[in-house]
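>>> okay, here's the prediction I keep looking at, along with the sequence it came from:
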Amino acid sequence: MNLNRRDFLSQGIAFGSLLFVPRLSWARGAKKADGARTLVMLHLRGGNDGLNTVVPYTDAEYKRLRPGLAIDRPLKIGREFGLHPRLDGLAKLYKKDRVAIVHGVGYPKPSYSHFRSTEIYYTGDMGGATAHARGWLGRAFAQKKSDAPVRAVAFEDEEPLAFSGAPGGVVTMRDFKDLKLPAAARTAAGLYRDYDNDEVAGRASEALSAARRMASLKPARGMFGGSLGDGLSKALALLRSDIDVEVIHLSLNGFDTHAKQGGAHADLMWQLGQNLHSFQEALDSTDLGARVTTLVFSEFGRRAGENLSGGTDHGAAYPAFVLGNVQPGFHGRAPSLDNLDDGNLRYTTDFRRIYATMLKGVLQIDPKPLLGAHKPLELLA
Amino acid sequence: MATQSRQIGHLLRRAGFGVSPADLDAYFRLDLKGVKRRLLEQLDLPPETSRTFSVYVPGAIQTEWLTRMLSGHAPLAEKLTLFWHGHFATSDAKVRDARLMWAQMTLLRSRGSGKFRELVAAISRDPAMIRWLDGNANRREHPNENYARELQELFTLGVGNFTERDVREAARAFSGWGARAGQFRFAPHQHDAGTKRFHGKVGKFDGDDIVKIVTALPRCHEYWVERLLRFFATPQPPPKAVRKLAGVSRRTRGDVRSVCKAMFELDCFWEPRTLVRGPVDFLVSALRACGKKDLPEWSHAALQRMGQTLFLPPSVKGWTSGAGWLGTTAILERLKVATVIGQTYSRAAAWIHRTAFDGELPARVEHALTSAQAEADRVAIVLASPEFQRV
């Protein structure tokens, strides 16, 4: 067998799990709570071109709408749809029944503004005033409280709006080593203890508490690479630790492909597919495969027809991916290319139903008070 | 607010980057009215540039601007420039040209206290902005809507105050506006010279016309003054304050200096500690409070970990605010910065209660200091305190 280095590492992880039964966290001496599950949210920032990601290759209208950009040879995953040819990693996972694809994800009266649509996805709220908006996960954490100092970790520069309103437990960070505090800082660090009812002091205390638990974590090996690989390496380290994290949030930039889309989108598909593959394979080599569900989403898709700059402009509905113990295959109805909404794909699945599914099935938080009429889908196994 | 010292300190913290030991002589001898007047007069002063400044040295533009904030002679001018830098947020991640980024900042500084309309008109022709929002891809045959959208959504009117059609028509008006070799260039053959309908007006508009129309809308006056208030005064500007400043803007045809002067009289401007200091503000103010005039070499890495690198805003929407600055890594970094400054400039323990807190230590800071003997710890506690994170 001709193993390259990456295969070797992933094999190594599999062997490792046999040696350190029952989980890799054995060496740390502490176990995760039984049944602890984690939702990994991956935001493809900029608006992923869904039509070239999950390609309706038998639809003549597709080629007519995209004379330059249409994908000629998608990786077929059924009689109607194929994946972008660089999404090979995701295709492999699909064949192992680890992927659910939800058609036509969106919401009514779509916004074509990155910021506004991101707000809508992060709050689950289409209402007007967003100055005091609370995130859907922030509200979920407020509904089901917990004392855990680390409930969610966002590998971002700034806490995503999705967590706004959470009564604590949200860590926003990049590198574990940035959480290390030098000994000289200890005296000053004690100062926050005296403050009650102060937001700065509260966050500082939480940060110190999270730092104690996380500063010595090391990113896992074996992820594919790039900024997404970097993020997933840290996510994996966190998942393997004794911290019962409920949500991990990551994003990948670059999807706003207004011009010369072909190469740029292909690179992104490659990064996405290869990294998801390495991540899911690493999870599936231990019981993490059963405990971790990953949702890949975007703030909107792109227009059905290509523009005159070799790219696509802001659109509406797109296909979302859910990875893990799912009901594999396609879900929902693919938007019709013959019945566009001013050039855009009409949504057929409201994203809030996916949220309801994750709340109920993964986070074990009742979605009704948070999302009301939007009922969970049958996505999870 | 009680004493005049506290008021002057508050004004210097909000309209500038806090108080340095030198400021204790320069400003605190004046009365409050005198300080206001002086800050506004300084807007006329051109910035001082270091003799060794070269745009082409990596990191030089950040260092130079931070140095101006640290030791420049016009704190309000620099703080206003920082505000506009966040308002017309342009990132070098895409522009990839320090010279253009510096030129844009120079534009913001030189026009930032003049008429808002002229500032918008100038920014619309700025090569860094053109590159950032795909101006060069906006041609008659295939209009690119990026600038037309962000101009209305983020720079002048806000979401919900324009239609998709306004975006498309404005894009047509800006077609042919580009930049080549670092200069604005109008390509007439790329320009769609046809009739456009824009916010109820009809005409063969070009980019300048779009700017004229949009900056004359009542909504525009309200929009930019509200953003100004969110940066300088309060996270939730009261409608009355917005209306008042919008009125000043309308009456003075968008004069930023007049609006600032009026802002200094608003109640919401004088409420203490309602704003969280951004990382640049925090670092510069901390160094100034210790009497430092030059930038430590760890500053850039620290600012990045705190979440704010000049010339690299996260998106065209600009910087975050409030609790957005207090993520885990970011807040730990502030504590580490406070510690390092304390270790390096421990002598500041002799005066930091005056520069940081106008001579009146907040009760909890005073209490925390009782358990700190070493000067380095005392300085660190003051700078890491929740009260110092706010203005």
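Here it is on my side, so go on.

>>> what number of residues lie near the residue of the stretch 201-350 of chain B found nearest chain A?
When scored by Cβ to the nearest Cβ, the stretch 201-350 of chain B has B:Gly327 as its residue closest to chain A, at 3.2 Å. Where you see a C-beta, it was placed from the backbone N, CA and C, and this is true even at glycine. For B:Gly327, the neighbour count with other Cβ atoms under 10 Å in any protein chain shown is 26.

>>> and the pLDDT at it?
Note on B:Gly327: pLDDT of 92.

>>> contacting residues for it?
By Cβ atoms under 8 Å, 6 or more residues apart in numbering or on different chains, the contact list for B:Gly327 reads A:154, A:156-159, A:171-173, B:307.

>>> okay, those in CSV with neighbour count next?
Putting the contacts of B:Gly327 into CSV (neighbours: other Cβ atoms under 10 Å in any protein chain shown) gives the following:
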residue, neighbour count
A:Ala154, 25
A:Glu156, 19
A:Asp157, 20
A:Glu158, 17
A:Glu159, 27
A:Val171, 28
A:Thr172, 26
A:Met173, 24
B:Gly307, 24
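
>>> redo those as JSON lines? Include distance to A:Phe255.
As requested, the contacts of B:Gly327 are exported to JSON lines (distance: Cβ to Cβ, whole Å):
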{"residue": "A:Ala154", "distance to A:Phe255": "19"}
{"residue": "A:Glu156", "distance to A:Phe255": "16"}
{"residue": "A:Asp157", "distance to A:Phe255": "18"}
{"residue": "A:Glu158", "distance to A:Phe255": "19"}
{"residue": "A:Glu159", "distance to A:Phe255": "21"}
{"residue": "A:Val171", "distance to A:Phe255": "26"}
{"residue": "A:Thr172", "distance to A:Phe255": "22"}
{"residue": "A:Met173", "distance to A:Phe255": "23"}
{"residue": "B:Gly307", "distance to A:Phe255": "23"}
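
>>> identify the farthest-apart pair in those residues.
A:Val171 and B:Gly307 (14.1 Å; Cβ to Cβ).

>>> leaving out the residues flanking it, which one is nearest to the residue of the stretch 201-350 of chain A found nearest chain B?
Taking Cβ to the nearest Cβ, chain B has its nearest neighbour within the stretch 201-350 of chain A at A:Leu308, 3.1 Å off. Once flanking residues are discounted, A:Leu308 sits nearest to B:His142: 3.1 Å by Cβ to Cβ, 6 or more residues apart in numbering or on different chains.

>>> which strand or helix spans that neighbour?
For B:His142, there is no helix or strand it lies in under DSSP states H and E.

>>> and it, how many neighbours?
Other residues near B:His142 number 15, with proximity taken as other Cβ under 10 Å.

>>> who's in contact with it?
Applying Cβ under 8 Å, 6+ apart to B:His142 gives the contacts A:307-309.

>>> export the contacts of B:Gly327 to TSV and tack on distance to B:Thr90 and pLDDT?
Output for the contacts of B:Gly327, formatted as TSV (distance: Cβ to Cβ, whole Å; pLDDT from 0 to 100):
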residue	distance to B:Thr90	pLDDT
A:Ala154	25	97
A:Glu156	21	93
A:Asp157	18	87
A:Glu158	18	88
A:Glu159	24	91
A:Val171	30	95
A:Thr172	25	94
A:Met173	27	93
B:Gly307	18	93
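
>>> name the residue of the stretch 51-200 of chain B that lies nearest to chain A.
B:His142 (3.1 Å).

>>> phi, psi for that residue please.
The phi/psi pair for B:His142 (degrees, to the nearest 10) reads phi -140, psi 90.

>>> that one and A:Gly78, how far apart?
According to Cβ to Cβ, to the nearest Å, B:His142 and A:Gly78 sit 35 Å apart.

>>> same question, B:Leu133
From B:Leu133 across to A:Gly78, the span is 40 Å (Cβ to Cβ).

>>> between the two, who's got more neighbours?
B:Leu133 (23 against 13).

>>> list the contacts for that one?
B:Leu133 makes contact with B:146-147, B:150, B:316, according to Cβ under 8 Å, 6+ apart.

>>> tell me which residues in stretch B:60-75 are buried?
Residues B:60-72, B:74-75 are the ones in stretch B:60-75 that count as buried (16 or more other Cβ atoms under 10 Å in any protein chain shown).

>>> how far away is B:Lys33 from B:Thr3?
15 Å.

>>> rewinding a little: which one among the contacts of B:Leu133 gets closest to B:Val248?
Using Cβ to Cβ, B:Glu150 comes nearest to B:Val248 of those, at 25.8 Å.

>>> point out where the chain drops to low pLDDT.
Went with chain A since none was named. A:1-34, A:128-132 (pLDDT under 70).

>>> you answered for a different chain; I wanted chain B.
For chain B, the stretches with pLDDT under 70 are B:1-2.

>>> out of everything not next to it in sequence, what's closest to the most centrally placed residue in it?
The residue lying closest to the centre of chain B (Cα atoms, centre = their mean) is B:Phe83, at 1.6 Å. Leaving aside its sequence neighbours, B:Phe83 sits nearest to B:Phe231 (Cβ to Cβ, 6+ apart; 4.8 Å).

>>> now name the helix or strand holding the one you found.
Using DSSP H and E, B:Phe231 sits in helix B:218-232.

>>> gap between that helix and the chain center?
13 Å (Cα atoms, centre = their mean, to the nearest Å).

>>> angle of the helix or strand following that helix against helix B:218-232?
Using DSSP H and E, the helix or strand that follows helix B:218-232 towards the C-terminus is helix B:239-251. Using axes from the mean of the first three to the mean of the last three Cα atoms, to 10 degrees, the inter-axis angle of helix B:239-251 relative to helix B:218-232 is 120 degrees.

>>> center of chain A, which residue is that?
Short answer for chain A (Cα atoms, centre = their mean): A:Leu42, at 1.9 Å.

>>> please name the residues that touch the residue lying closest to that residue once chain neighbours are set aside.
Spatial nearest neighbour of A:Leu42, chain neighbours left out: A:Val296 (4.7 Å); criterion: Cβ to Cβ, 6+ apart. Contact analysis of A:Val296 by Cβ under 8 Å, 6+ apart lists A:42, A:44, A:272, A:276, A:320-323.

>>> which element follows the helix or strand harbouring A:Val296 toward the C-terminus?
Element membership of A:Val296, judged by DSSP H and E, is strand A:292-298. On the C-terminal side of strand A:292-298, the closest following helix or strand by DSSP H and E is strand A:318-323.
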